[in-house]
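1. 3D, please:
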Amino acid sequence: MLRQNNLAIVFLLLSLVYLGSSYQFPDIEYLKSLPEKYDSLLKELACKDLTKRSQLVNCEILMLSDDDTLLTDEDLALEWLEQINAIEVEKSYQGSIAGWNYATNMTDYNQEVKANVSYLKAAWGTIKTKQGRRFDWQNFKNPTLYRIFNFMLRGGKFDDSKQRERYNYVSTEMIDIYGKGQVCRPKGEKYPTKEMKPTTKKECLTLEPELEDIIANSRDYDENLWVWKGWRDAVGRKIGELYPDWVELKNVAASNGGYADEGQLWRELYEIPNDGLEEMVDALYEEVKPMYKQLHAFIRRRLAEQYPGRVNRYGPIPAHLFGNMWAQQWNNIYDIAKPYRDVDIIDVTDAMVVQKYNQTHMFRIAERFFVSLGMDPMPDNFWKYSMLVKPKDRDVVCHGSAYNFMKDREVRIKMCTEVDMEDLYTIHHEMGHCEYYLQYSDLPVIFRSGANPGFHEAVGDTIALSVVTPNYLHKINLMDTITRSKEATINYQMKIALSKIAFLPFGLMIDKWRWQVFRGNIKPEDYNDKWWEYRLKYQGLVPPIARSSKDFDPGAKYHIPSGTPYIRYFVSFLIQFQFHRSLCKEAGFEGPLHECNIYESKEAGNALKEMLSYGMSQPWTDTLEVLTGKRKIDSSAIKEYFAPLMEWLEKENAQNNEQIGWGMNKIEDELELLAEKLWEDEYQYNEEREWWY
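-> Just a heads-up that it's a prediction; the model follows:
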């Protein structure tokens, strides 16, 4: 033990030198002390003044009665919650430090600390929940009090400490596999042409930025295939070995909390009666699906022209050709998709390079946008602690994330930023999270969240809809002139649609797949086959090479090993246009919705701040109504935004006799046919088969 402690001390000292004096360590001793220190908190509050009749009654209930006798005193509940909130602030802060340290320095030590902190937080959570359940909260008259208890006592729990330890291990291990994944090739070659020997000099590439850069910029079919397959081989199968355990443990915890499965627990956050979220999102997707199918048909033709003999003009598309590792957004193939090739492209990356932008300057540009609306600048600690550039000397989780430390308005962003327009957009998205954190920072911890999970994702993207307008880019000197022609408008809208419309079915299908996994309707041996069945059904995509049940392609997407619910992004991509339309009205904008830029509008900023300030303190339908005047998600806003492009696509596809769709009447038969006859070393097709409609 002494030797281990000495090694830990040496590591801490080295870390201070290695990472700088700004490095922080979680207070493990504080977390350890919570269960013992506050185990009797409720009894102490109830029994502190027995001269009061109400306190005498409360004390007797706690001291003399069994757990089935509940407390009805709402004043006691408020006093207890005030103490609990103070503890939750500090607990959340320590947990955030541990999570941040591991994500920005993926050492075994930080992994162990993170797991230990998670265990200690759960131990405290058990004490808190046990005390909370002594209240008859379901009959409380105070609606805020009722809401706090409702959300505080929701969720899963582990009654067995060994299960909790196993869950912590599996969760951390999957993230570790993902974060440290590499794909190697012989030095000087695009991709291996034969099996590499141990003596081969290798160049090993990480997901961000190397692999993502290749798949974004290469137009070599086989190089992209190597990247696509390599990443899934590097992380997918390893994560797949752990994933069934993770699902089982999540369902155990959910069942202990009174839920049918983990999926029901996730959906509960949307507060839709009778577990109606799935029905709601299915109906919303039916409203926007025609937009996606028009875009899919057009892009399929362009890809068939780009890769002759590789893409079936009438069927699904190989999934590695979209400039994105997961084919979730297609903006990186704008050069292929550009409707009017002789009209200037809207991409200010070159201008950013010429003007010597760096990563910090890009974040300052985003901050300036929010401040122009009358919102908050980033606190000093943001600039002190955030990771804005990928370190060269350690492994990190590059996936861009915003962190709320829940204490003293401390927020951070972790991102391996590149100087390009795409990351300028992403920065506004992540800083939108931070602005949301700041606006609700005075609420009780339990309410410091988005009105529903989709709200949080939508805020930054709502701002970014202004950021990508030629008007705004001209204002900040990244565009010399603003071109307002029909051709320029269609090109501009195509650029945005490749990110927004292309994403919609992907944003839906991930959790549609996971909900079925949690329900037990998809078994581990069928995980991968069903994954591709869903991708074919919703996106019209197929894998570029044969896949088997031994593969686990879902694990190649960060949100699967991290256990992050994904339907929030689908919701976000719809409500952000609803937010944008309402903010444009507040700004007094008149004109086509896609041209609106709310930069420097204090009126729009005030309306946005009001909506954000509610956090999760009221049902999301109430919060939506504050800004938009409506209580339901309305797909008409995204349709209005893309109306010019949709009109153009419909005419263009009709003129070229494009087939709208990819043959979804016999999914299982077609998948079997693909597996048995059409896959060899890469995806092939029979142009004469009439199997698509």
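2. all strands of the stretch 551-693 of the chain, in order?
-> Counting by DSSP state E, counting those that start in this stretch, the stretch 551-693 of the chain forms no strands at all.
3. actually the stretch 351-500 of the chain, sorry about that
-> Here the stretch 351-500 of the chain has its strands, by DSSP E, counting those that start in this stretch, at 401-404, 411-414.
4. just checking, what packs against the last one?
-> This means strand 411-414. Judged by 3 or more CB pairs under 8 Å, 6 or more residues apart in numbering; DSSP states H and E, the packing partners of strand 411-414 are helix 74-104, helix 380-385, strand 401-404, helix 421-439. C-beta: built from backbone N, CA, C; applies to glycine.
5. comparing those, which comes out most buried?
-> helix 421-439 (a mean of 23; mean count of other CB atoms under 10 Å).
6. that one packs against which elements?
-> helix 349-354, helix 359-372, strand 401-404, strand 411-414, helix 453-467, helix 602-613.
7. could you dump the helices and strands packed on strand 411-414 to a markdown table with distance to Ile272 and mean pLDDT?
-> A markdown table is the format used below for these (distance: least, CB to CB, whole Å; pLDDT from 0 to 100):
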| stretch | distance to Ile272 | mean pLDDT |
| --- | --- | --- |
| helix 74-104 | 26 | 96 |
| helix 380-385 | 35 | 96 |
| strand 401-404 | 25 | 95 |
| helix 421-439 | 22 | 93 |
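8. got CSV for these, with distance to Phe518 too?
-> CSV is the format used below for these (distance: least, CB to CB, whole Å):
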stretch, distance to Phe518
helix 74-104, 24
helix 380-385, 36
strand 401-404, 24
helix 421-439, 26
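9. how about these, which one is nearest Lys537?
-> Evaluated over those, closeness to Lys537 peaks at helix 421-439, with 28.0 Å, by CB to CB.
10. alpha carbons of the closest one, in CSV - could you do that?
-> The C-alpha coordinates for helix 421-439 follow below in CSV (Å, rounded to 0.1, in the frame of the first residue of the first chain):
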residue,chain,number,x,y,z
MET,A,421,-15.2,26.6,-41.4
GLU,A,422,-16.7,23.3,-40.2
ASP,A,423,-15.0,23.7,-36.8
LEU,A,424,-16.0,27.4,-36.6
TYR,A,425,-19.5,26.1,-36.8
THR,A,426,-18.9,23.4,-34.2
ILE,A,427,-17.4,26.0,-31.8
HIS,A,428,-20.6,28.0,-31.9
HIS,A,429,-22.5,24.8,-31.2
GLU,A,430,-20.4,23.9,-28.2
MET,A,431,-20.3,27.5,-26.8
GLY,A,432,-24.1,27.4,-27.1
HIS,A,433,-24.1,24.7,-24.5
CYS,A,434,-21.9,26.9,-22.3
GLU,A,435,-24.2,29.8,-22.7
TYR,A,436,-27.1,27.6,-21.7
TYR,A,437,-25.1,26.5,-18.6
LEU,A,438,-24.5,30.1,-17.6
GLN,A,439,-28.1,31.2,-18.1
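11. where does the prediction get shaky in the stretch 401-550 of the chain?
-> Counting by pLDDT under 70, the stretch 401-550 of the chain contains no low-confidence segment.
12. surely Phe322 touches Asn332?
-> Yes. Look at Phe322 against Asn332 with CB atoms under 8 Å: they come within range, at 7.3 Å.
13. picking up where we left off before, closest one to Glu268 among the helices and strands packed on strand 411-414?
-> Nearest of the helices and strands packed on strand 411-414 to Glu268, taken as CB to CB: helix 74-104 at 20.0 Å.
14. next SSE after the closest one?
-> helix 108-132 (DSSP states H and E).
15. show me what that next one is packed up against.
-> Here helix 108-132 touches helix 28-38, helix 74-104, helix 143-152, helix 161-179, going by 3+ CB pairs under 8 Å, 6+ apart.
16. how far is the first one from where the chain is centred?
-> The reference is to helix 28-38. Chain-centre distance of helix 28-38: 32 Å, with CA atoms, centre = their mean, to the nearest Å.
17. tell me the confidence at Arg53?
-> Among the per-residue scores, Arg53 shows a pLDDT of 78.
18. separation between it and Thr69?
-> Arg53 sits at a distance of 17 Å from Thr69 (criterion: CB to CB, to the nearest Å).
19. neighbour count: the two, which is higher?
-> Higher neighbour count among Arg53 and Thr69: Thr69, with 12 against 8, using other CB atoms under 10 Å.
20. count of residues packed around the spatially closest residue to the more buried one that is not a sequence neighbour?
-> Leaving aside its sequence neighbours, Thr69 sits nearest to Ile61 (CB to CB, 6 or more residues apart in numbering; 5.3 Å). When neighbours are counted by other CB under 10 Å, Ile61 registers 17.
21. what sits up against whichever strand or helix holds Ile61?
-> Using DSSP H and E, Ile61 maps to helix 53-64. Outside helix 53-64, the residues that touch it by CB atoms under 8 Å, 6 or more residues apart in numbering are 42-43, 46-50, 69-71, 73, 75-76, 134.
22. pull the contacting residues for Arg166.
-> Contact partners of Arg166, counting by CB under 8 Å, 6+ apart, are Asp245, Leu249.
23. looking at it now. What's its pLDDT?
-> 95.
24. got it, and Glu672?
-> 50.
25. and Asp681, by the same measure?
-> Reported pLDDT at Asp681 in the predicted model: 39.
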